[in-house]
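Novice: Sequence and predicted model, in that order:
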Amino acid sequence: MSEHLTEIIVFSVLFLLVSGMGFVAARWRRPDNLATLDEWGLGGRSFGAWITWFLVGGDLYTAYTFVAVPALLWGAGATGFFAVPYTIVVYPIVFLVLLRLWSVSHVHGFVTPADFVRARFGSPLLALLIAITGIVAT
């Protein structure tokens, strides 16, 4: 027990800190209601570019770099190392493109990519295919 005391203390302090931040965040900018998908799924579109940068980056870098890249390296060997610089270079570029998508979606009240596609191309069938693709990819 004493040999792991430092790890237990660090874990406990971080656990309490993150838990406390979660409770504070639950009360911060509390919405009027969560009845709309816009409020529930997108935080009422009130995060802004700075917080969204870290939310999307945290999602991408944890899921991709800590799960998929090691699996790729295990399966493909050294050729999988392309993924490390690729991730670092592509993320800021994609984020710049998505800023425009976000601004158009915000103005028109789109919540999903299928909403955007339906309005942009006027095709309910294409919007359905985009929605199905998103569900399958998830």
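Specialist: Yep, that arrived.
Novice: low pLDDT regions in the chain?
Specialist: 1, 29, 31, 34-46, 48-49 (pLDDT under 70).
Novice: Helices of that one, start to end?
Specialist: Using DSSP state H, the helices of the chain run over 5-27, 37-42, 48-60, 69-76, 83-108, 113-121, 124-137.
Novice: Among these, show me which one is buried the most.
Specialist: Compared across the helices of the chain, helix 113-121 shows the largest average neighbour count, a mean of 16 (mean count of other C-beta atoms under 10 Å). Glycine gets a C-beta too; all of them are placed from N, C-alpha and C.
Novice: Direction-wise, compare it with helix 83-108 and give the angle.
Specialist: 60 degrees (axes from the mean of the first three to the mean of the last three C-alpha atoms, to 10 degrees).
Novice: could you check the angle helix 124-137 makes with helix 113-121?
Specialist: 150 degrees.
Novice: can you list contacts of helix 113-121?
Specialist: 101, 104-105, 108, 110, 123-124, 126-128, 130-131, 134 (C-beta atoms under 8 Å, 6 or more residues apart in numbering).
Novice: With stretch 125-138 instead?
Specialist: Contacts for stretch 125-138 (C-beta under 8 Å, 6+ apart): 112, 113, 114, 115, 117, 118, 121.
Novice: let's see it at 10 Å
Specialist: Identification of contacts with stretch 125-138 by C-beta atoms under 10 Å, 6 or more residues apart in numbering yields 112, 113, 114, 115, 116, 117, 118, 119, 120, 121, 123.
Novice: And these, which is closest to residue 30?
Specialist: residue 112 (24.5 Å; C-beta to C-beta).
Novice: just checking, that closest one touches residue 105?
Specialist: Yes - at 9.0 Å, residue 112 counts as touching residue 105 under the criterion of C-beta atoms under 10 Å.
Novice: about what we covered before: take the contacts of helix 113-121 and lay them out in CSV including distance to residue 89.
Specialist: Putting these into CSV (distance: C-beta to C-beta, whole Å) gives the following:
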residue, distance to residue 89
101, 20
104, 25
105, 25
108, 31
110, 28
123, 33
124, 36
126, 30
127, 31
128, 33
130, 26
131, 30
134, 25
